[in-house]
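**Q** Have a look at this fold, sequence not included:
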């Protein structure tokens, strides 16, 4: 689910046109990248007359991802809650700010956060 906020309905429509996510899938890896006015991928999609007042407005994308029990996870996130459970494998997490709940069954786990709780 993607949740956007903007001052007007017209601004909301403009933000919706450039806010999304991409998936990159190979046999052994799945990547999910959020795109919008906050990163270079999203900025390349912006129309030349895109209102500067909309750059950097906050938005929220909620992901619910199910993986096999035996797998390795590498998660790079910005700000938001994170819950991991039922996974056996190497877990590596990098977040700017998070309230993470991680259930480690087996395997090494590394979590690096700028602030928040793990």
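**A** The structure has been received and is ready for your questions. Remember, predicted model here, so these are calculated numbers, not experimental data. Numbering: from 1, shown residues only.
**Q** Please, where are all the helices along the chain?
**A** Secondary structure of the chain (DSSP state H): helices located at 9-18, 40-45.
**Q** Lowest average confidence across those, which one?
**A** With a mean of 66, helix 40-45 has the lowest mean pLDDT of the helices of the chain.
**Q** who touches the closest residue to residue 74 other than its chain neighbours in this structure?
**A** Sequence neighbours aside, residue 92 is the residue nearest to residue 74 in space, at 4.7 Å (criterion: C-beta to C-beta, 6 or more residues apart in numbering). Glycine gets a C-beta too; all of them are placed from N, C-alpha and C. Residues in contact with residue 92 (C-beta atoms under 8 Å, 6 or more residues apart in numbering) are 72, 73, 74, 75, 109, 110.
**Q** Any of those residues buried? List them.
**A** The neighbour count (16 or more other C-beta atoms under 10 Å) marks 73, 75, 109 as buried among the contacts of residue 92.
**Q** So which of those residues belong to strands?
**A** Judged by DSSP state E, strands contain the following of those: 73, 75, 109.
**Q** Show me the beta-bridge partners of the second one.
**A** What it means is residue 75. Residue 75 has these beta-bridge partners by DSSP bridges: residue 93.
**Q** Flag the shaky bits of this protein, pLDDT-wise.
**A** Low-confidence segments of the chain (pLDDT under 70): 40-43, 45.
**Q** What segments of it are strands?
**A** Assigned by DSSP E, the chain shows strands spanning 2-4, 20-25, 30-35, 59-61, 73-88, 91-106, 109-117.
**Q** Tell me which of the ones you listed approaches residue 10 most closely.
**A** In terms of C-beta to C-beta, the element of the strands of the chain nearest to residue 10 is strand 2-4, at 12.7 Å.
**Q** tell me what that closest one is packed against?
**A** helix 9-18, strand 59-61 (3 or more C-beta pairs under 8 Å, 6 or more residues apart in numbering; DSSP states H and E).
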